[in-house]
Structure formats: structure tokens, C-alpha cells
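Enquirer: what's the 3D shape of this:
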Amino acid sequence: MSGSLITDLRRLLGEDAVLTAPEDLVRYEEGWRYGKGKALFAVRPATAAQVAATLAACRTAGVRVVPQGANTGLVGASTPDGSGEMVVLSLERLNRRLEIDPINRTAKVDGGVLLSALNEALAAHGLMFPIDLGADPSIGGMIATNTGGTRLLKYGDVRHNLLGIEVALADGTVLDGMNQLRKNNTGLDLKQVFVGTSGVFGVITGAVVQVVPIPGQRATALVGCASGAAVLALLQALERDLADVLTAYEVISADALAPVFRHHEGLRNPYGTAQPPAYTALVELASTLPAGALDLPGLLEERLGAFLETEAGEGTTDVFMGRHEDLWAIRHHVSESLRQEGRVLAFDISVPRSRMAAFTQAARALLAADFPFVRCCDFGHWGDGGTHLNLVWTEADAPQSASELVPVLQSRIYDLAVKGFDGSYSAEHGVGPHNQRFYAAYTPVPIRALSGVLKAHLDPDGILGTTRLD
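Expert: Residues are numbered from 1 along each chain as shown. From the prediction side, this is the model:
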């Protein structure tokens, strides 16, 4: 059956659109960090019509399909399973449409257009798509996972910046919802049915996104905080005084900060030889106003200085103003530095902002009591209630293997976040095989049932994806 399907798809899409050689399939079979399987073959359509034709052919042949954007996801949802019976539908060639309307402040793009390509085209108009990431995903992939990023505090996630969508369904139907309106209150908001669903309802072939002006200036500071409570007090003060220009509020614990300078000597440690405080907040302001109209660095320095004089500011220990690139370089080197410290188990968790300090304290207490060989190296987006709770240990110190320890740690930490603090086990990475069992454990039955109804209608033969939302 696969031989005739390959022949049919090559006839429909072109000879080079279908890859079958094992050496060609390797890069489609393994994810950026998680997810590794075996593909039957890979197909690379170049238009929405070709995506639809591919899906229709695969459905007729009874062959399952996993959609794949830039394959930068962290939950294993963009790679095939280990059966060797799934087709990888790559959107890497679906990248021709990139139309910018600078007056409407929108961009109409194919699903395979990369974030970097979009921003490069937008820059000529003084615009940008404000989802800031360390990776370079496709726009379709960003919609499928509802990407957040470091500036969600100011601009929101992909869901908040999406106006229209084009989707190919499993039966070959193309839904054209490429709406360019910010105001359109006419019933079901089609695009939201597909946002964050990992491609299991349909393949996102196009989108209309709203974009924003590139800031003319930024001001950045590192602020030392003696406790999690001090971090939240500072955030509250900054939002009260500077909400119009506050674009990012990232927080790094001392345990996550120390490895950065241990493994990257080229980065300047603002604390020198002194022990850093419990947390360091990275504060960023940005504005389209020119420096002559608004002295953003001066404003940030003045407001931080005033906060230090208040009772709420007593937990603030240090303030370091610095170049935007230098201070963000510290934040961007945290993950790779931790990987050089030992085994890392990364969590992508969110809780209500008001409970972030208490949650982190409870997580540390849990680890100290039951897993004393594990270090909690947390960092992340406290401004939007997200934290990357990274657990680090060395194999020699652990009383059991990683394969035995990881599921236990996951269950304990996720239970604490979801049941103890009304949080989420996946703040921004989406749902995929990597966290499938937690979706089943924590998602209310009525929501799963409704997802099952949608899945049965949109993909009745169940050919799309490796994630189950029912």
C-alpha cells in the first residue's frame, strides 16, 4: 500500500516532494529535545491544496500522518511514533506566502513561514511579530502549540495575536478563515478551535497575524531579590508605575544563575565574587517614543531607586543597569548551563502569579524532604505566572536510575502544581506524547469529551497526530 501511495503523492506533488531514503528521514524523525520515532516516509507539500491532497490520499490509504513545522517543539508532538507506519507531513516548503499590510498592521503567511523570516520581512516596515523565543519555529507550529515567550506579559501569546487561519482537514477539505479583522463578532471563532491542539484537528496551512511597531528604545536592569515575596512586590510596583512600558519580567534563582557564570566566563557576573541573592529579576522596558521624548533608562533607574526607599522594597538587595544584549545573554544561557551540571528534568509550569513564590517554596521543601540529591534550579516568566522548574542531579548521587526517578518526580511536582496551587503542567509548550499521561490525569472529563466530539467530526478516521485530546 505504501508503494502506491508514494507513487500517487509524487505524481501529485512532484518527485522531490516525497522522501523515502533512511538518511533523508533522520531529521524528520527526532525532535529538538524530545520525541524520536520512525517514519514511513516524509512528504513536503508546497501549497495548501497540496497539503489537502496529501491528507486525502493518506486517509484513503488508511495511513496516519503527523504534521511537522520547524520541529522545535518540546513535547514530542511533531515527530512520528515508533511504529514506522506514520507519514511526516513537513511544512518546510509551505513558505511562499508572506504578505504584509503595514496600515492594517497584519501579515498573511503560509503555515511553514519561519518566525525569523516573518520578522525579517516586517523589519522593513518598522514592525515585528512580538512572540520572542529562543527557537525559530514555523508560524503554523506556533499556532498549533499556542506559543508564549518572554514578552507575553506585554503582548500576549499567539492566541492573542491571531486574526485568521487556514486549515486543511483530514478529508482534504480546506477551511478558509483568513480573516483580517480585529472586530468580527459573527458567531463561532473558528481559529480558536485549532489553537493549541498540536495539529490533531487539522493542519494549519496559513494564518493572519497582527503585528506591532518595533520599539525605538529599551531599558534593562537586573534586580536582586532576597525572596520570592520580594520578587512579587517588585513586580507589583513596576506594574503600578510602569505598566505602559513594561515588556518583560524574567526571574532567575541563585541555583540557576550560578551555573551560567561557571560555564560561560565571557559573561560578566554583576555580583562579582559575592553570593547572589535568592532571586534575580530581569526587568525590561520598551517604548516607540524616542529618547528625546522619554528617557527610558533614566525612568527605570529612578523608579527602581524610589522603590528601594519604600517598605515593600526592603527585600530588594541590588540593582544593576546594563546593556540590553548583555543582560539578556545571561538569561538565554541558563538552560544550556544547567545541562552541563548533570541530569536535567525540565518542567514548564504555571500557577497564579500571586502564588508563584509559595509554589516554588513548596516545591523546594518537597525535594529537600524526599529527594535531597536533587537541586531546584528554577527560572522563567514570573511576570505571566510561568516558571521553568528545572531539577538537576548527578547519576552517581541518585539512589535509582533516571528512568525510574523521572516519572516519580513528574507526578509529585505536577500534583503539587495542579492540585495544590491551581496551576498547569504545561504553561506554554502544549500537549504531546511527552506529557500525554498528565493530560489524561488532570483534564476534566467534560472537556475531554468535548474534544473527542470535535476530533470525531474533524478527523473521523483518527489519522492526524500522535496526541490524544479525548
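
Enquirer: Pass me the low-pLDDT residue ranges in the chain, would you?
Expert: Low-confidence segments of the chain, defined by pLDDT under 70: 1.

Enquirer: residues near Cys58, how many?
Expert: A total of 25 residues lie near Cys58 under the criterion other C-beta atoms under 10 Å. For glycine as for every other residue, the C-beta is placed from the backbone atoms N, C-alpha and C.

Enquirer: That one and Asp461 touch, don't they?
Expert: No: if you go by C-beta atoms under 8 Å, Cys58 and Asp461 don't touch, sitting 9.6 Å apart.

Enquirer: Please name the residues that touch the nearest residue to Ala258 once chain neighbours are set aside.
Expert: The spatially closest residue to Ala258, leaving aside those adjacent along the chain, is Pro276, at 7.0 Å (C-beta to C-beta, 6 or more residues apart in numbering). Contact criterion C-beta atoms under 8 Å, 6 or more residues apart in numbering gives 224, 254, 257-258 as the residues in contact with Pro276.

Enquirer: Near Gly305, how many other residues are there?
Expert: Counted with other C-beta under 10 Å, residues neighbouring Gly305 total 11.

Enquirer: gap between it and Gly177?
Expert: 50 Å (C-beta to C-beta, to the nearest Å).

Enquirer: What of Leu114?
Expert: 22 Å.

Enquirer: first vs last residue of stretch 328-343, how far apart are they?
Expert: The distance separating the two terminal residues of stretch 328-343, taken as C-alpha to C-alpha, to the nearest Å, comes to 25 Å.

Enquirer: Residues touching it, excluding its own?
Expert: 134, 150, 220, 222, 250, 252, 256-257, 259-260, 262-264, 267, 282, 284, 344, 346, 375, 377, 379, 388, 390, 392-395, 398, 402.

Enquirer: if we go to 6 Å?
Expert: 250, 256, 259-260, 263-264, 267, 282, 344, 377, 379, 390, 392-394, 402 (C-beta atoms under 6 Å, 6 or more residues apart in numbering).

Enquirer: And stretch 218-237, by the same measure?
Expert: 249, 251, 270, 277-286, 296-297, 300, 307, 312, 315-321, 324, 327, 357, 360.

Enquirer: Buried ones in it, by neighbour count?
Expert: Of the residues in stretch 218-237, those with enough neighbours to count as buried (16 or more other C-beta atoms under 10 Å) are 218-225, 228-235, 237.

Enquirer: Pairing partners for Thr106 in the sheet, please.
Expert: Going by DSSP bridges, Thr106 is paired in beta bridges with Asp101, Gln210.

Enquirer: Verify the stated contact: it with Gln180.
Expert: Yes: the pair Thr106 and Gln180 qualifies as a contact (C-beta atoms under 6 Å) at a distance of 5.4 Å.

Enquirer: shared neighbours, the two?
Expert: Listed contacts common to Thr106 and Gln180 are Val208; contacts here mean C-beta under 6 Å, 6+ apart.

Enquirer: who has more neighbours, those two?
Expert: Under the neighbour definition other C-beta under 10 Å, Thr106 and Gln180 were set side by side, and Thr106 has more, 22 against 14.

Enquirer: Compute the distance between the more buried one and Leu162, please.
Expert: Computed as C-beta to C-beta, the Thr106 to Leu162 distance reads 10 Å.

Enquirer: go on, Cys58?
Expert: The spacing between Cys58 and Leu162, counted by C-beta to C-beta, is 27 Å.

Enquirer: same deal with Val392?
Expert: Going from Val392 to Leu162 by C-beta to C-beta gives 36 Å.

Enquirer: Arg437 - how many residues pack around it?
Expert: Summarising burial for Arg437: neighbours were counted as other C-beta under 10 Å, giving 13.

Enquirer: Just the buried residues of the contacts of Pro276.
Expert: Judged by neighbour count, with 16+ other C-beta under 10 Å as the criterion, the buried members of the contacts of Pro276 are 224, 257-258.

Enquirer: Just those: which are in helices?
Expert: 257-258 (DSSP state H).

Enquirer: Just the buried residues of stretch 218-237: which are in strands?
Expert: Members of those lying in strands (criterion: DSSP state E): 218-225.

Enquirer: Quick one: the strands in the stretch 301-450 of the chain, in order.
Expert: Taking DSSP state E, counting those that start in this stretch as the criterion, the stretch 301-450 of the chain contains strands spanning 316-322, 343-350, 375-380, 386-393.

Enquirer: ok, Lys108 - contacts?
Expert: With contacts taken as C-beta under 6 Å, 6+ apart, Lys108 has the following neighbours: 99, 208.

Enquirer: Would you state the strands of the stretch 101-250 of the chain in chain order?
Expert: With strands called from DSSP E, counting those that start in this stretch, the stretch 101-250 of the chain shows them at 106-110, 127-128, 162-168, 174-177, 203-210, 212-213, 217-225, 246-253.

Enquirer: what comes into contact with the second one?
Expert: Yep, that's strand 127-128 we're talking about. 119, 122, 211, 214.

Enquirer: Narrow the residues you listed to those that are buried.
Expert: By neighbour count, with 16+ other C-beta under 10 Å, the contacts of strand 127-128 hold 119, 122, 211 as buried.

Enquirer: which of those lies closest to Arg44?
Expert: Within the set of the buried ones among the contacts of strand 127-128, Asn119 lies nearest Arg44; the separation is 23.5 Å, counting by C-beta to C-beta.

Enquirer: per the record, what domains does the chain have?
Expert: As assigned by automatic domain parsing, the chain contains the domains 2-90, 98-213, 217-335, 342-430.

Enquirer: Can you check which of those gets nearest to Ile447?
Expert: Taking C-beta to C-beta as the criterion, domain 98-213 is the member of the domains of the chain that comes nearest to Ile447, at 12.3 Å.

Enquirer: now the closest one, how far from the centre of its chain.
Expert: Averaging C-alpha positions (C-alpha atoms, centre = their mean, to the nearest Å) puts domain 98-213 14 Å from its chain's average.

Enquirer: From here on, call the first residue 116.
Expert: All right, first residue 116 from here; so that's domain 213-328.

Enquirer: What residues sit buried inside stretch 406-420?
Expert: Of the residues in stretch 406-420, those with enough neighbours to count as buried (16+ other C-beta under 10 Å) are 409, 411-412, 414-415, 418-419.

Enquirer: Out of the residues you listed, list just those in helices.
Expert: For these, membership in helices holds for 411-412, 414-415, 418-419, with DSSP H as the criterion.

Enquirer: Reformat those residues as a markdown table; add distance to Pro561.
Expert: Shown next, in a markdown table, are those (distance: C-beta to C-beta, whole Å):
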| residue | distance to Pro561 |
| --- | --- |
| Leu411 | 47 |
| Pro412 | 51 |
| Leu414 | 48 |
| Leu415 | 46 |
| Arg418 | 46 |
| Leu419 | 47 |
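
Enquirer: which among the residues you listed gets closest to Asp225?
Expert: Looking across those and measuring by C-beta to C-beta, the closest to Asp225 is Leu411, at 36.3 Å.

Enquirer: how far away is that closest one from Trp497?
Expert: Summarising the geometry, the distance separating Leu411 from Trp497, computed by C-beta to C-beta, is 22 Å.

Enquirer: what does Val489 give?
Expert: Taken as C-beta to C-beta, the spacing of Val489 relative to Trp497 amounts to 22 Å.
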